[in-house]
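*Asks:* have a look at this fold, sequence not included:
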């Protein structure tokens, strides 16, 4: 129950972090798109205002030298698009001339209808001088305007204000803003769903690692407790009879030594797996001749097999060297050969075969022992897994050897799999890159 609470809190934290990340990304994306659209729509109107201002300024100051200004009409067909806009201003532009007291001087040019309906209460605002600014009239009509000082000192005009109607652009921006808002709400809802799904996926490896760690600690504690209990009991028995001879207590001493050796091997295996999990163990790579190493590892096992009336054969056809860690490969072969000897009986066969296949070195270790049930083959590389716990106790196995073997092979960028022999027993197939 406690673990579920921790997992739930962690999943909620992941979900909130993912949601925050999605929200920030969508918000930044929305602001960039909206700002770009708004800037693009207003840029044309702002350009028209600047060109009209240049035209008025040029008209007052006159042209330099003997240059003659082209007049609107057919004579301007050879001008560039910018010059055409300067000479033929946008008809949407309204020119308002102000005197120094803030009074409009060109009511007649503006048009009585436009002036009486919209400009009678319009006030001059000099705070945004020479800057293109957004304004609205009667909160209904939107304009971009440019206010600048009149350079002609011979008239009463103090300021000139250029207005251009941008209702069409404002409608597009408003609709786009509405669309962005709707899309943002949809994206937030989708983000919540995506964040929940991602948080569950992120929690899966954590939960799996947690469960494996808990199972590992539980199994390790159990495996350590058994030999320690046996050793403690046997030593207590020895203490109860301090005057007895060693020969009389031979069985107790031998069993204690056996459990001590088993405990030492278990501790060494646990340390190997712990270092493997933390990625602390690095391989010492060198050129290793596969057939030579296999023959060297198998030599003592051949003698043991013969002493147990078992047939041991070799079929080595891989006389090449690969870049590998010789010590770890030696450990790998020992683990598999130990298992082959443990789970075979008299007249059984144990064999090692090497060959090249698809630019990879293949090592097959097979036996005709008790074999592994097909439904259990997918579990044999898991830590502490034992198909028959009672038999494993007799043979001294704790279910860590094959986990170490798999780690060694994967560390060499290879693969290992187990398959059932045609008659009986099992075959381990190891493939390593050349």
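*Replies:* Sure, I can see it. Worth saying up front: this structure is predicted, and the values here are computed from it rather than measured. Numbers count the residues shown, from 1 in each chain.

*Asks:* all contacts plus neighbour counts: C-alpha atoms, from now on.
*Replies:* Noted.

*Asks:* which residues of the stretch 1-150 of the chain score low on pLDDT?
*Replies:* Applying pLDDT under 70 to the stretch 1-150 of the chain picks out residues 1-3, 59-90.

*Asks:* redo that, cut-off 90
*Replies:* Residues of the stretch 1-150 of the chain meeting the criterion pLDDT under 90: 1-146, 148-150.

*Asks:* which residues of the stretch 1-150 of the chain fall in helices?
*Replies:* 2-61, 81-87, 107-110, 112-114 (DSSP state H, counting those that start in this stretch).

*Asks:* other SSEs contacting the longest helix anywhere in the chain?
*Replies:* Counting residues, the longest helix found in the chain (DSSP state H) is helix 167-240. With contacts defined as 3 or more C-alpha pairs under 8 Å, 6 or more residues apart in numbering; DSSP states H and E, helix 167-240 has these neighbours: helix 2-61, strand 141-149, helix 250-277.

*Asks:* roughly how far out does the longest one sit from the chain middle?
*Replies:* Helix 2-61 has its C-alpha centroid displaced from the chain centroid by 26 Å (C-alpha atoms, centre = their mean, to the nearest Å).

*Asks:* tell me what angle it forms with helix 167-240.
*Replies:* 150 degrees (axes from the mean of the first three to the mean of the last three C-alpha atoms, to 10 degrees).

*Asks:* got it, and the last one?
*Replies:* Relative orientation of helix 250-277 versus helix 167-240 (the same axes, to 10 degrees): 160 degrees.

*Asks:* among the helices of the stretch 1-150 of the chain, which is nearest residue 363?
*Replies:* Of all the helices of the stretch 1-150 of the chain, helix 2-61 sits nearest to residue 363, with 43.0 Å by C-alpha to C-alpha.

*Asks:* re earlier: redo the helices of the stretch 1-150 of the chain as JSON lines? Include mean neighbour count.
*Replies:* Listed next are those as JSON lines, based on neighbours: other C-alpha atoms under 10 Å:
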{"stretch": "helix 2-61", "mean neighbour count": "15"}
{"stretch": "helix 81-87", "mean neighbour count": "16"}
{"stretch": "helix 107-110", "mean neighbour count": "14"}
{"stretch": "helix 112-114", "mean neighbour count": "11"}
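
*Asks:* relative to residue 180, which of the ones you listed is closest?
*Replies:* Nearest to residue 180, of the helices of the stretch 1-150 of the chain and by C-alpha to C-alpha, is helix 2-61 at 6.8 Å.

*Asks:* what helices and strands are in contact with the closest one?
*Replies:* By 3+ C-alpha pairs under 8 Å, 6+ apart, helix 2-61 packs against helix 81-87, strand 141-149, strand 159-165, helix 167-240.

*Asks:* switch the cut-off to 7 Å
*Replies:* Under the contact definition 3 or more C-alpha pairs under 7 Å, 6 or more residues apart in numbering; DSSP states H and E, helix 2-61 sits against helix 81-87, helix 167-240.

*Asks:* state the pLDDT value of residue 324.
*Replies:* For residue 324, the pLDDT comes out at 92.

*Asks:* give me the neighbour count for it.
*Replies:* When counting by other C-alpha atoms under 10 Å, one arrives at 21 neighbours for residue 324.

*Asks:* that older thread, which one, of the helices and strands packed on helix 2-61, ends up nearest to residue 146?
*Replies:* helix 81-87 (15.6 Å).

*Asks:* chain neighbours aside, what residue packs nearest to residue 260?
*Replies:* residue 227 (7.1 Å; C-alpha to C-alpha, 6 or more residues apart in numbering).

*Asks:* also residue 27?
*Replies:* residue 184 (7.8 Å).

*Asks:* what residues of stretch 192-209 count as buried?
*Replies:* 192, 194-196, 198-200, 203 (16 or more other C-alpha atoms under 10 Å).

*Asks:* okay, among these, which ones form the most distant pair?
*Replies:* 192 and 203 (16.3 Å).
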